[in-house]
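Q: I'd like to go over a predicted model; first the sequence, then the structure.
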Amino acid sequence: MDQKKRVVIVGGVAGGASAAARARRLSEDAEIVMFERGPYISFANCGLPYHIGGQIKDRDRLLVQTPEKMRERFAIDVRTQSEVTQIDRANRQVTVRDLAKGQEYQMGYDVLILSPGAEPVRPRMPGIDSPRVFTLRSIPDMDAIKATVDKEGCSRAVVVGGGYIGLEMAEALIDRRLAVALVELEANVMGSVDPEMAVPLHEELKRHGVDLHLRTSVTEVVTDGHGTSVLLSDGKRITTDLVIMAVGVRPEVKLAQEAGLEIGKRGGIVVNEQMQTSDPNIYAVGDAVEVTDLVGDCPAVIPLAGPANRQGRIAANTIFGRDSKYARTQGTAICKVFNLAVATTGMNEKNLKRQGMTYEKVYIHPASHAGYYPGVSQLSLKLLFDPKTGKILGAQCVGAKGVDKRIDVMATALRAGMTVFDLQDLELCYAPPFGSAKDPVNYAGFVAANFIAGDMPICHVPDVVEPRENQKLIDVRTPGEVQAGTIPGAVNIPLDELRDRLDEIPKDKELLVFCQVGLRGYLAARILNQRGFSARNLTGGYKTYCETLGITGAKPALAKEMKSDTGEVGPPKKAN
């Protein structure tokens, strides 16, 4: 492309601002014009809940780049309070409305980059337009919510939706000492992970005082002389001072659609690997575009800041003659929920089923670092993989420490096309305060590889919940552990007694064995299968059984220490 051509960018934040800065670095001669309908061109939208909650006290720290700095450093013509209302593709020009002056004008372009982002979904219901109902997308949204929370007498909030924004806002408002109710239509919060992986999050929310309403929707927001309240689908009524609508976002494609650009099945702007739309002179980046899922090879809309930044860079590279392609999206993300973190990469089980893909899964519950070093906590990690090739398809992890490290490694392995066999060989940093000699990532690889090799036939929770006539459940934990709970119908034969009690076990039945987290069950299955029995091990053990069925205690069990890096624990601490 001629370096002196005009590049017009519609929208800032991650994708648009990244494209603008990269374009200038590649060409000092190009004329670069950025239109932003709001007053801010680049801000940390992921940090908005944390300013409301008080963790980020200085509001200005959220402003990644100001219009003034963008003009000064990159010589970019930044025009805020300017909304692009129409694209004339035939004449290569856009119509711009100056919101401050109330005037319209046209500007030509040689290349156009669209970065309109995504808009919060506002369900159609009575009362949705109440001034007490908020969404959170921008700095002004944040300011409005914070101003309401700061008011004297504001003490109650309802958060609708249990995704990233909903969970972060619930925590922020609890930190501000509000009574918070969280309403989620699905059976679990954090829909990007599978239901059993969200159970610890439910307990964490309740532990911190969140009034959790699952499988429930808001049907009406009522504002009258008595204040504001929400009506729920189960008939309950919750009085509140504000409502945060966080039920999701949808690509903002109105401008592109009216211009005749192709919109995909998932509702996003269709782009190729170079981020070009159906018009080769128009590019699109960020939350508004439809990308290809790395694992499923299917259309996906994944509104994350990391992909948006990379897409902006790729669009600018392509415009100025660089060979650059977007390498698909794998949806790697993490969310803080009070003292826990939940992270995911690749496809979850729900999406694998939806795509009709063949997969297997294993669960492990390892220690976050060496079990003998103080401060250890337990992780829950789910690994999804191809049962024939061992190719990694996805991973999810929940815990208090070390979640980001493990999912980042899994995300890198998935991106590189690695298999569960490769996970066994990864050499990861180790010292007692940080990890284990056999890291949880290695451990997950061992477990999955053992399954593929035939060394560990596995079963899952549905198998042990409803065993067949020709199956028998065996709990190989200690009697003390069994007293705290077991799977109905199971016979208790502790692992260390197993070899001496083989005559008690029927050889005409398939044995479904389990322990607390899977390790002793694996050892038991190895013994039994080599002694002429047919045994399968419950992957993830009794802990995964409890998480899958939502069987949890009021607070996490305290242990003196984790006896091994695989998550086996010592006896509980006695209460003082």
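A: Happy to help now that I have it.
Q: mind pulling up the phi and psi values for residue 69?
A: The phi/psi pair for residue 69 (degrees, to the nearest 10) reads phi -70, psi -40.
Q: count of neighbours near it?
A: 15 (other CB atoms under 10 Å). Every residue, glycine included, has its C-beta placed from N, CA and C.
Q: Tell me which residue of this structure is furthest from the middle?
A: What lies farthest from the middle of the chain is residue 503; by CA atoms, centre = their mean that is 48.5 Å.
Q: show me where pLDDT drops low in the stretch 451-576 of the chain?
A: Scanning the stretch 451-576 of the chain for pLDDT under 70 picks out 553-576.
Q: quick one, helices of it?
A: Applying DSSP state H, counting those that start in this stretch to the stretch 451-576 of the chain gives helices spanning 461-465, 479-483, 519-530, 541-549.
Q: if we can go back for a sec, look up how far residue 457 lies from the residue farthest from the centre of the chain.
A: To residue 457, residue 503 is 23 Å away according to CB to CB, to the nearest Å.
Q: hey, where'd the helices end up in the stretch 251-400 of the chain?
A: Going by DSSP H, counting those that start in this stretch, the stretch 251-400 of the chain shows helices at 254-258, 305-319, 349-354.
Q: And the second one, what's buried?
A: Looking back up the chat, that one is helix 305-319. 305, 307-319 (16 or more other CB atoms under 10 Å).
Q: Can you name the residues bridging to the most centrally placed residue in the chain?
A: Centroid-nearest residue in the chain, with CA atoms, centre = their mean: residue 333, separated by 4.5 Å. Listed by DSSP bridges, the beta-bridge partners for residue 333 are residue 344.
Q: Contacts only, for it.
A: Residues counted as contacts of residue 333 (CB atoms under 8 Å, 6 or more residues apart in numbering) are 164, 192, 304, 343-345.
Q: Model confidence at it, what's the number?
A: Looking at residue 333, its pLDDT reads 95.
Q: Could you do residue 403 as well?
A: pLDDT, residue 403: 97.
Q: List the residues that contact the nearest residue to it once chain neighbours are set aside.
A: Sequence neighbours aside, residue 341 is the residue nearest to residue 403 in space, at 4.1 Å (criterion: CB to CB, 6 or more residues apart in numbering). Applying CB under 8 Å, 6+ apart, we find residue 341 in contact with 334-335, 398-400, 403-404.
Q: Apply 7 Å and report the result again.
A: Applying CB atoms under 7 Å, 6 or more residues apart in numbering to residue 341 gives the contacts 334, 399, 403-404.
Q: so how far is the helix or strand hosting residue 165 off the chain centroid?
A: Using DSSP states H and E, residue 165 sits in helix 164-175. The chain centre lies 15 Å from the centre of helix 164-175; the measure is CA atoms, centre = their mean, to the nearest Å.
Q: buried stuff in that helix?
A: 164-175.
Q: now that helix: mean pLDDT?
A: 96.
Q: Name the surrounding residues that touch it.
A: 49-50, 52-54, 136, 149, 157, 159, 180, 182, 189-190, 205, 208-210, 244, 246, 335, 337-338.
Q: Appreciated, that's everything.
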